[in-house]
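Enquirer: Model the structure of this input:
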Amino acid sequence: MSRTIRILFLLISCTFFGTTALAATGDSILSMQERAETIDRLLAVRLETLPAKLMRREGIDMWILVAREYNEDPVVMTMLPGDAHAARRRTILVFSDEGAEGVMGYAVSRYAVGDFFQARWNPEEQPDQWQALADLIAEKNPATIGINVSSDFALADGLTHGEYEGLVGALTEEQESRIVSAETLAIAWLETRTDEEMELYPAIVEIAHDIIKEGFSNAVITPGETTTEDIMWWYRDRIRELRLLAWFHPSVSIQREQEAVGEFMDLFTDTDQQGEILPGDLLHVDFGITYLRLNTDTQQHAYVLKPGETETPAGIRAGLATSNRLQDILTANFIHGRTGNEILRSARSLAIEEDIRPSIYTHPIGYHGHGAGPTIGMWDNQGDTVGRGDYPLYENTAHSIELNSTVSVPEWGGQEVRFMLEEDAFFDGENTYYIDGRQQELILISSD
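Expert: The predicted model follows:
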């Protein structure tokens, strides 16, 4: 990542949106027309710069993507114009590497798709859409034809069985023999972030951070009255008030003195049963939004001060610092070309040497909340993840640094507490940067 982009990480929230995300009217959020225009600008840069680089890296001469209306390949959805909500009838997109001419885009459909994919099918001249595709393949004569099929990555497995049958049924045996999986190409397209996207991403993550802070405040929480369920639905309403989308339902949970550490998943799935928030509670939120086709995923903590308290107990502050240290250990192991499994093994080993009790379950983020790229641990599997964990780390990719450490809190009688953090970060090939910083101090909520 260039020095200019690193500076933009610090300035973008002021220069792009102009006001904070907490503006009462939500005026800092772009209109729908402005969003579509922004998406189209970002997509134009991607289509101009990425296909040749990625197709040649993965050894694919022609990449064919097929989608039916409302049953779209997830990769196709990222290639549609900003005002499109779905494919039209059957949409066939083709990338063809034509050497010195570069990679050209064709839509073997009745209509062009945006400015990049020019229409190459006239039903009046050739009624059979699949035959029109076969004719294009014959014309371009690619050595390898990539299609989106994958056993390990759902996001790279977008070609449905019926569409696969239609495709191969139109090809000669010799053409069919050239078909290969475009699994790694599909992942590469989805995971790679451009400089232009990274100019905007910090402001998007900042919006998410600001909504979290607003929900974890006395403007929303009255200790002894407000429940975790109240806050979760407040977050959902606030997201809609700001004309944004939640890509998953937020969770808010409590860890409390003299309560045994609960099952991990209970802190995410049984949150509506936890009841009223009380002074002395340690709160946790898991929260994500979608904006300009990019996603955020954040977990942070807040502490409800007891009457007379002015700061969080030292043991809880130390617990947060321990998880911060685990973040540092993990991101220090982000080395280009290492697989997710290799990163996990190294980070866990180093953390355990420092007497940290780690649990790491980090994932890529971008076009999808649980995005394409290397899996670095699972909450229920701290060993190797076969397939997805064997994928290597590439430059210009974004990741949700998701993990927890279990810490004994002296002020709570040595009770064990999980400090669960998640922050979005960018890997430029050499270094890892938090896109809009990370939580290093607990959010404080008054009970007075």
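Enquirer: make it CA atoms for all contacts and neighbour counts henceforth
Expert: Fine.
Enquirer: so where is this structure shaky, pLDDT-wise?
Expert: Counting by pLDDT under 70, the ranges of the chain that qualify are 1-27, 259-274.
Enquirer: now the residue of it most remote from its centre: how far from Thr226?
Expert: Centroid-distance maximum for the chain: Glu125 at 43.0 Å, with C-alpha atoms, centre = their mean. Distance of Glu125 to Thr226, given as C-alpha to C-alpha, to the nearest Å: 66 Å.
Enquirer: count of neighbours near Gly319?
Expert: By the measure other C-alpha atoms under 10 Å, the count of residues near Gly319 is 22.
Enquirer: Confirm that it sits in a helix.
Expert: Yes - under DSSP: H, G, I helix; E, B strand; the rest coil, Gly319 sits within a helix.
Enquirer: residues contacting the residue nearest to it when sequence neighbours are not counted?
Expert: For Gly319, ignoring the flanking residues on the chain, the nearest one in space by C-alpha to C-alpha, 6 or more residues apart in numbering is Val407 at 5.7 Å. Counting by C-alpha atoms under 8 Å, 6 or more residues apart in numbering, Val407 touches Gly319, Thr322, Arg357, Glu416, Val417, Arg418, Phe419.
Enquirer: List just the nearest of those residues to Pro392.
Expert: If you rank the contacts of Val407 by distance to Pro392 using C-alpha to C-alpha, Arg357 comes first, at 25.5 Å.
Enquirer: Quickly find the element holding Val285.
Expert: Secondary structure assigned from DSSP states H and E places Val285 in strand 282-287.
Enquirer: Same question for Ser323.
Expert: Applying DSSP H and E, one finds Ser323 within helix 314-332.
Enquirer: just to revisit the earlier point, got CSV for the contacts of Val407, with secondary structure too?
Expert: Below are these laid out as CSV (three-state DSSP):
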residue, secondary structure
Gly319, helix
Thr322, helix
Arg357, coil
Glu416, strand
Val417, strand
Arg418, strand
Phe419, strand
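Enquirer: Need the residues that contact the helix holding Ser323.
Expert: For helix 314-332, using C-alpha under 8 Å, 6+ apart, the contacting residues are 343-344, 347, 350-351, 356, 358, 401, 403-411, 417, 419-421, 432, 440-442.
Enquirer: Contacts for whichever helix or strand comes after that helix, please.
Expert: Using DSSP H and E, the next helix or strand after helix 314-332 towards the C-terminus is helix 340-353. Helix 340-353 is contacted from outside by 326, 329-330, 333-335, 357-360, 374-377, 382-385, 388-393, using C-alpha under 8 Å, 6+ apart.
Enquirer: Please apply the same query to stretch 83-91.
Expert: Against stretch 83-91 from outside (C-alpha under 8 Å, 6+ apart): Ala36, Val66, Ala67, Arg68, Glu69, Tyr70, Glu72, Met77, Leu80, Ala107, Val108, Ser109.
Enquirer: Just the buried ones among those residues, please.
Expert: Burial by neighbour count, 16 or more other C-alpha atoms under 10 Å: within those this picks out Ala36, Val66, Ala67, Arg68, Glu72, Met77, Leu80, Ala107, Val108, Ser109.
Enquirer: and the closest residue to the fourth one other than its chain neighbours, how far is that from Pro123?
Expert: To tie it back to what came earlier, the one meant is Arg68. In this structure, Arg68 finds its nearest non-sequential neighbour in Arg90, 4.5 Å apart by C-alpha to C-alpha, 6+ apart. According to C-alpha to C-alpha, Arg90 stands 13 Å off from Pro123.
Enquirer: With neighbour numbers in mind, choose between the two.
Expert: The residue with more neighbours, out of Arg90 and Pro123, is Arg90; 17 against 12, by other C-alpha under 10 Å.
Enquirer: Phi first, then psi, for that one.
Expert: phi -100, psi 120 (degrees, to the nearest 10).
Enquirer: can you give me the helices for the protein?
Expert: 3-15, 32-58, 74-77, 129-140, 161-170, 173-176, 183-191, 195-215, 228-241, 266-269, 314-332, 340-353 (DSSP state H).
Enquirer: Just name the most buried of the ones you listed.
Expert: Comparing these by mean neighbour count (mean count of other C-alpha atoms under 10 Å), helix 183-191 comes out on top with a mean of 23.
Enquirer: And that one, what does it pack against?
Expert: Contacts defined by 3 or more C-alpha pairs under 8 Å, 6 or more residues apart in numbering; DSSP states H and E place helix 183-191 against helix 32-58.
Enquirer: distance between the helix it packs on and the chain's centre?
Expert: 17 Å (C-alpha atoms, centre = their mean, to the nearest Å).
Enquirer: hang on, the earlier thing: tabulate the contacts of stretch 83-91 (CSV), appending distance to Ile179.
Expert: Shown next, in CSV, are those (distance: C-alpha to C-alpha, whole Å):
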residue, distance to Ile179
Ala36, 35
Val66, 14
Ala67, 18
Arg68, 21
Glu69, 24
Tyr70, 26
Glu72, 21
Met77, 22
Leu80, 24
Ala107, 19
Val108, 18
Ser109, 21
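Enquirer: Could you point out which of those residues is nearest to Ala182?
Expert: Nearest to Ala182 among the contacts of stretch 83-91, with distances taken as C-alpha to C-alpha, is Val66, at 12.7 Å.
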